[in-house]
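Asker: need the 3D shape of this:
(chains A and B, ligands or ions: 3)
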Amino acid sequence: MSKSNVQEAFKERVDYEELMNCTRCGFCLPSCPTYIQTGGNEASSPRGRIALMRSVVEGRKKPDAEVEAQLNECLGCRACEPACPSGVNYGHLLEQARTVINEHKSYSLPVKVLRKATFDWLFMSHDRMQKLHRLRYMYERTPMQNVMRKSGIFKLFPGETATMERVVPPAVPPSELNEVPEVESAAKPAVKKVAFFRGCLMSTMFAETNESTRFLLKQAGCDIVTPKTQECCGALHAHGGETDKAKMLAKKNIEAFEQAEVDAIVSNAGGCGAGLKEYPFLLRDEPEWADRAKQFSEKSMDISTLLASLALPPMKLDAQLVTYQPSCHLSNVMKERGNVEALLGRIEGVQYVAMREKDQCCGSAGIYNLVQPKMAMKILDKKMSDVKDTKASCIVTSNPGCLLQMKAGVERENLSSEVQAVHIVDLLAQAVKNAETVEV
Amino acid sequence: MLEAKVKKKLIAIVGKSRFSDTEEQRIVYSYDGTPGFQAEPDAVIRPASTSEVQQIVRLCAEHKVPIVPRGSGTNLCAGTTPTHGGVVMLFTEMNRILEVDMDNLTMTVQPGVTTLEIVNRAESEGLFYPPDPSSMKISTIGGNINENSGGLRGLKYGVTKDYIMGLEFVLANGEVIRTGGKLAKDVAGYDLTKLMIGAEGTLGIITEATLKLVPKPEKKETMLALFPDMESSAKAVSSIIASKIIPATLEFLDQPTLEAVEAFSQIGLPTSAGAVLLMEQDGESHVVYEHMEQMKKICEKEGAISVEKARNESEALALTEARRSALTALARRRPTTMLEDATVPRSRLAEMVRFIESTAKKYNVEICTFGHAGDGNLHPTCMTDVRDEEEMHRVEEAFAEIFARAIELGGTITGEHGVGEMKSPYLAWKLGDAGVEAMKAIKTALDPQNIMNPGKMFAKEARKRITVGGGSSEQVQRTGSV
Ligand SMILES: Cc1cc2nc3c(=O)[nH]c(=O)nc-3n(C[C@H](O)[C@H](O)[C@H](O)COP(=O)(O)OP(=O)(O)OC[C@H]3O[C@@H](n4cnc5c(N)ncnc54)[C@H](O)[C@@H]3O)c2cc1C
Ligand code: SF4
Ligand code: SF4
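Answerer: Numbering: from 1, shown residues only, chains lettered A, B, ... in the order given. Ligands and ions are numbered 1, 2, ... in the order given. Sure thing, here's the model as predicted:
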């Protein structure tokens, strides 16, 4: 498709009023990881990217490779939003611009296949996710894994695929995946009824974290509904410019959870939670969904936020220093901050140390570390140096992508014997169980 | 477009990676914090040393290529929009703190260091660098020096110029000069250090600065007072100063500003108050305590609805941070925010506030006011829309009257944001024609080819002067010569 068509689409679809809301004050610059890592390149800053989008809308610039490269280099971490006194909704602008570019783009064949496999096939169906998981389980149990690792074949993949392949958690037996009951009762008189958003990666690759989540919810006095018909949150599609698919998934989820009639919809991945929170924006052009999307969004929250407001059984661990790498989307989109730190404070034996610039993205950013490996690793190295300064032996995260990235960081720094990276709910569950055995 | 041979030579000086003339780079270095102004450079260059700066300047002088030095581009006077094209010079590779001298209490820095880094570094050494423009998180010292930036602490501690002890700069002919130094006293010739401060990149390029540090005050307290209207808060400001207290900070915000700031910061600011005063005092504990008590009493006497101290440091920080966000937060209200910087002697503050309010009514435009009340530096800010020509015209008229009135009250057209391209048509209002001519003579002597940030400071056409009554023109002349 020709450039002028893309330009027209930019004009129509990228919110000009929102672009104009940027006063170019520069307050967001110090919060932007790519601005910092490029040694202060304005084009790699939120203000610069907004200016580039605006130049396309105003017809000054063609939506060419330069524009696309800048939109791709952006992590989508949205750290620029809380820093902006003018309230510019950068994330929405980014998504609008990426959607236009994506719709008009002809990808090379391998990329096309990969995108199709990811967006159309895999992440569109919970069923398929589970099937893939079974394959992975098999793979880990055959000599295949060793052969593949030794062959060095992963080195051929982009970026840090090799490190990533090492750090993903071992697959739980597929038989356990299906055993999540639709309705579960609290372990004590119920104080709340919640629905659990299981997430597609969380329910397969991170099945144990989902186990811990349900365990804690019950311990905290929550009756749980896990609607069977729920699907992937659609965040990956929305960020990748596949808006139509994201909308379809959103509608399915809204329907699935409406029937559950609960006080809260709980997720345990900042990336997914933010996706859910953004349904009203995603469905903004469909007034018949407005109310339903709004209700859904208002009910959804991160597990840490819910748990921090509830009484939990005693928690205890061996004395240790713990630091926390917040999920960007949990902080900047869901705007739920401080709860993980508060929960850590409730574990006996744990001393929480904040790392410098903890609110800066770790470089994981969805699939960013696979498509922009250089920048992602620069950001990760900076993060790891901040982690090391805390002397913590445990890095807590609140999102699967961040968890893998921190694990990769630990591997890169050769720290795996001294430092572990865990999801907050796994640490909490461990602390509860540990306190129980200590008591006995 | 640069001539091919010039481009080649520039690349020869800095290498390929630190020169760029792509469309992307030309677009993102075409603007600064000033609404309504934009102009693209031909190229962008990032020198890493004084010697590279010299080579670049010599080359540009030879080929008459304009040079626009640029820090973080947060200025509010169209000071870095490359009006005549040329090369934007960035200092991202010259961004180091070179030395902290504990014996002389000085810090030596390169121009690209951010103000916040300087403040933090001083603090980590138990010292204090007071100038704190609201943009301090991102503004550079090169920009601060060239705009002579002020901040929330200006009333008691002065502005950037009061902390610059020595400079190294490159002139338009490529020569390097070092002025001043780690000296409390120095009267060897003209004060070129001061000449460069506030020069807005039109006289030379600063490549190094030696800053004065002071001991960190023992104690600091922060207090917020609510008033039913702007005028009573302005009166409280005058009374505080008249009672011989010089607080470290004395800022005010009117109701709409308050609302916008609270929407962003969400720290529980009282949005129903007509105006608030943010006060800080620092120094020895007992003095701080006494001053805070006195200021509280004065505010109450002038009609404050409530006066409350911040309970701890983080509460205090939240308040000052919130104040710093005022300008950008206001921008949310309308597509365009026109900010002004009129400054009057602080005894005339209440009068000026009243005048701004009535002028806004007269021209039917929305003007909010906040600013550094203690030093009479107001930021009347107009929420408008550049696309509405008729309204923009009214805004311009209103601001022209506000400038004129400020000068009549013994004030100035800009207290801290500089002249740039934006206020250049008004420069003669403040200085008189003779004043502008004297400045032009300096400019021509140091930069005969007009390659250093051309199109700034001096306008092609001055705006016709207006008077709005009140002060006599004699007063304009008198204050103009100070
Ligand atoms: C939201 C907001 C709040 C602000 N608050 C304040 C405030 O409280 N007080 C205040 O005084 N200002 C304030 N400003 C204005 C602005 O931030 C200051 O003028 C600041 O000093 C500019 O710094 P900068 O690094 O962005 O410089 P730039 O904007 O990049 O440049 C400013 C000027 O300095 C010149 N320059 C930069 N570096 C050099 C160098 N090395 N050699 C020669 N010339 C150079 C440029 O050519 C230009 O003329 C505010 C701006 C914004 C957007
Ligand atoms: S902080 Fe907001 S208004 Fe300021 S430059 Fe960044 S996006 Fe624009
Ligand atoms: S989303 Fe993150 S990377 Fe992108 S512009 Fe904002 S702060 Fe920078």
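Asker: all contacts plus neighbour counts: C-alpha atoms, from now on.
Answerer: Noted.
Asker: and chain A, which residues reach chain B?
Answerer: Counting by Cα under 8 Å from any Cα of the partner chain, the residues of chain A close to chain B are A:17, A:20-21, A:23-27, A:29-30, A:39-40, A:42-43, A:48, A:51-52, A:55, A:66-67, A:84-87.
Asker: buried residues, stretch B:174-191. List them.
Answerer: Within stretch B:174-191, the residues that count as buried by 16 or more other Cα atoms under 10 Å in any protein chain shown are B:174, B:176, B:178, B:179, B:180, B:181, B:182.
Asker: which parts of the stretch 351-482 of chain B are strands?
Answerer: Using DSSP state E, counting those that start in this stretch, the strands of the stretch 351-482 of chain B run over B:366-372, B:377-384.
Asker: only whichever of the residues of chain A next to chain B are buried, select them in ChimeraX.
Answerer: ChimeraX command restricting the residues of chain A next to chain B to the buried ones, with burial defined by 16+ other Cα under 10 Å:
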select /A:20,21,23,24,25,26,27,29,30,40,42,43,48,51,52,55,66,67,84,85,86,87
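Asker: out of the residues of chain A next to chain B, which are close to ligand 1?
Answerer: residue A:25 (Cα under 6 Å from any ligand atom).
Asker: quick one: which of the residues of chain A next to chain B sit in helices?
Answerer: A:17, A:20, A:48, A:51, A:52, A:55, A:66, A:67 (DSSP state H).
Asker: circling back: of all the strands of the stretch 351-482 of chain B, which one is nearest residue A:220?
Answerer: When these are ranked by proximity to residue A:220, the top entry is strand B:366-372, at 48.4 Å, counting by Cα to Cα.
Asker: ok, and what's touching the closest one?
Answerer: Residues from elsewhere that reach strand B:366-372 (Cα atoms under 8 Å, 6 or more residues apart in numbering or on different chains): B:151-152, B:249-254, B:256-257, B:326, B:356-357, B:360, B:377-384.
Asker: which residue does the stretch 101-250 of chain B have closest to chain A?
Answerer: residue B:138 (6.4 Å; Cα to the nearest Cα).
Asker: what is the burial count for the spatially closest residue to residue A:381 that is not a sequence neighbour?
Answerer: Nearest residue to residue A:381, sequence neighbours excluded (Cα to Cα, 6 or more residues apart in numbering or on different chains): residue A:409, at 7.2 Å. Residue A:409 is flanked by 25 other residues according to other Cα atoms under 10 Å in any protein chain shown.
Asker: next: residue B:361.
Answerer: 13.
Asker: OK, contacts around residue B:306?
Answerer: B:225, B:226, B:227, B:300.
Asker: measure it to ligand 2 for me?
Answerer: Between residue B:306 and ligand 2 the distance, using Cα to the nearest ligand atom, to the nearest Å, works out to 32 Å.
Asker: what sits against the residue of chain B found nearest ligand 3?
Answerer: Nearest residue of chain B to ligand 3: residue B:28, at 13.7 Å (Cα to the nearest ligand atom). For residue B:28, the contacting residues are A:42, A:43, A:48, A:51, A:52, by Cα under 8 Å, 6+ apart.
Asker: rerun that using 10 Å as the cut-off
Answerer: If a contact means Cα atoms under 10 Å, 6 or more residues apart in numbering or on different chains, then residue B:28 has A:41-45, A:47-52, A:55, B:40-41 as its contacts.
Asker: then residue A:58?
Answerer: Contacts of residue A:58 (Cα under 10 Å, 6+ apart): A:7, A:10, A:11, A:16, A:52.
Asker: who wins for neighbours among those?
Answerer: Going by other Cα under 10 Å, residue A:52 tops the contacts of residue A:58 with 27 neighbours.
Asker: pLDDT score for the closest residue to it other than its chain neighbours?
Answerer: Spatial nearest neighbour of residue A:52, excluding adjacent residues (Cα to Cα, 6+ apart): residue A:67 at 6.7 Å. According to the prediction, residue A:67 has pLDDT 93.
Asker: pick out the residue of chain A closest to ligand 1.
Answerer: Shortest chain A-to-ligand 1 distance, computed as Cα to the nearest ligand atom: residue-wise this is residue A:25, at 3.8 Å.
Asker: find the centremost residue of chain A, please.
Answerer: The centroid of chain A falls nearest to residue A:271 when counting by Cα atoms, centre = their mean (2.5 Å).
Asker: so residue A:419 versus chain B, what's the distance?
Answerer: Counting by Cα to the nearest Cα, to the nearest Å, the gap from residue A:419 to chain B is 30 Å.
Asker: and that residue, how far from residue B:26?
Answerer: 45 Å (Cα to Cα, to the nearest Å).
Asker: more neighbours, those two?
Answerer: residue B:26 (22 against 19).
Asker: all the strands of chain A, in order from the start?
Answerer: A:183-184, A:192-196, A:222-225, A:264-267, A:300-302, A:316-325, A:348-352, A:394-397, A:420-423 (DSSP state E).
Asker: take those strands and write them to TSV, including mean pLDDT.
Answerer: Shown next, in TSV, are these (pLDDT from 0 to 100):
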stretch	mean pLDDT
strand A:183-184	88
strand A:192-196	94
strand A:222-225	94
strand A:264-267	94
strand A:300-302	96
strand A:316-325	95
strand A:348-352	95
strand A:394-397	96
strand A:420-423	95
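Asker: so can I have CSV of these showing distance to residue B:312 and mean neighbour count?
Answerer: Shown next, in CSV, are the strands of chain A (distance: least, Cα to Cα, whole Å; neighbours: other Cα atoms under 10 Å in any protein chain shown):
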stretch, distance to residue B:312, mean neighbour count
strand A:183-184, 45, 14
strand A:192-196, 36, 22
strand A:222-225, 37, 24
strand A:264-267, 35, 25
strand A:300-302, 30, 23
strand A:316-325, 25, 19
strand A:348-352, 22, 18
strand A:394-397, 29, 23
strand A:420-423, 33, 22
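Asker: who wins for proximity to ligand 3 among these?
Answerer: Using Cα to the nearest ligand atom, these put strand A:316-325 closest to ligand 3, at 15.3 Å.
Asker: by contact count, what packs against that closest one?
Answerer: helix A:339-345, strand A:348-352, helix A:373-390, strand A:394-397, helix A:400-412, strand A:420-423, helix A:424-439 (3 or more Cα pairs under 10 Å, 6 or more residues apart in numbering or on different chains; DSSP states H and E).
Asker: how about a cut-off of 7 Å?
Answerer: strand A:348-352, strand A:394-397, helix A:424-439 (3 or more Cα pairs under 7 Å, 6 or more residues apart in numbering or on different chains; DSSP states H and E).
Asker: list the strands paired with that strand, with their directions.
Answerer: strand A:348-352 (parallel), strand A:394-397 (parallel) (DSSP bridges).
Asker: mind putting the helices and strands packed on strand A:316-325 into TSV with distance to ligand 2?
Answerer: Below are these laid out as TSV (distance: least, Cα to the nearest ligand atom, whole Å):
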stretch	distance to ligand 2
strand A:348-352	31
strand A:394-397	27
helix A:424-439	31
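Asker: go through these and name the closest to residue A:337.
Answerer: Closest among the helices and strands packed on strand A:316-325, using Cα to Cα: strand A:394-397, at 12.8 Å.
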